[in-house]
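Colleague: Sequence and computational prediction follow.
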Amino acid sequence: MRAFLPRIRQFLHGKLMGLVRIYYKNLWGMSLGEGVRISLSAKMDKTYPEGLFIGDYTAVAFGATILTHDIATLKRVRTTIGSHCLRRSGRIA
């Protein structure tokens, strides 16, 4: 029984991460590689979502903020995060 519950939790977590990936990729149009994992508390820029490119098997941890625009200068930029990376709290602009 003890081995059963962790397997269920791992299965559900994998499905939830898949839904988060679909949400950002299909609804917002962000370019996400295979196996990308984005924390539910990460803040992804929805002002210019087409400018975000994340490589394969990259994780965006909780508290991270990723921007693709600068509101002060009205500038939109292409923000790229490579493959096999871990992005923790902080900003990329």
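Modeller: Perfect, thanks for sending it. Numbers count the residues shown, from 1 in each chain.
Colleague: tell me the phi and psi of the residue nearest the centre of the chain?
Modeller: For the chain, Ile38 is the residue whose C-alpha lies nearest the centre (C-alpha atoms, centre = their mean; 3.5 Å). With angles defined as degrees, to the nearest 10, Ile38 sits at phi -120, psi 130.
Colleague: Who is it paired with across the strands?
Modeller: Beta bridges link Ile38 to Val60, judged by DSSP bridges.
Colleague: Do I have it right that it meets Gly18?
Modeller: No. Using C-beta atoms under 8 Å, Ile38 is not in contact with Gly18; the gap is 10.9 Å. (C-beta placed from N, C-alpha, C; glycine too.)
Colleague: just the strands in this protein please.
Modeller: Applying DSSP state E to the chain gives strands spanning 31-32, 37-38, 43-44, 52-54, 59-60, 64-66, 69-70, 75-76, 79-81, 86-87, 90-92.
Colleague: so what strands line up beside the first one?
Modeller: Spelled out, that is strand 31-32. In its sheet, and by DSSP bridges, strand 31-32 pairs with strand 52-54 (parallel).
Colleague: Cool, thanks, talk later.
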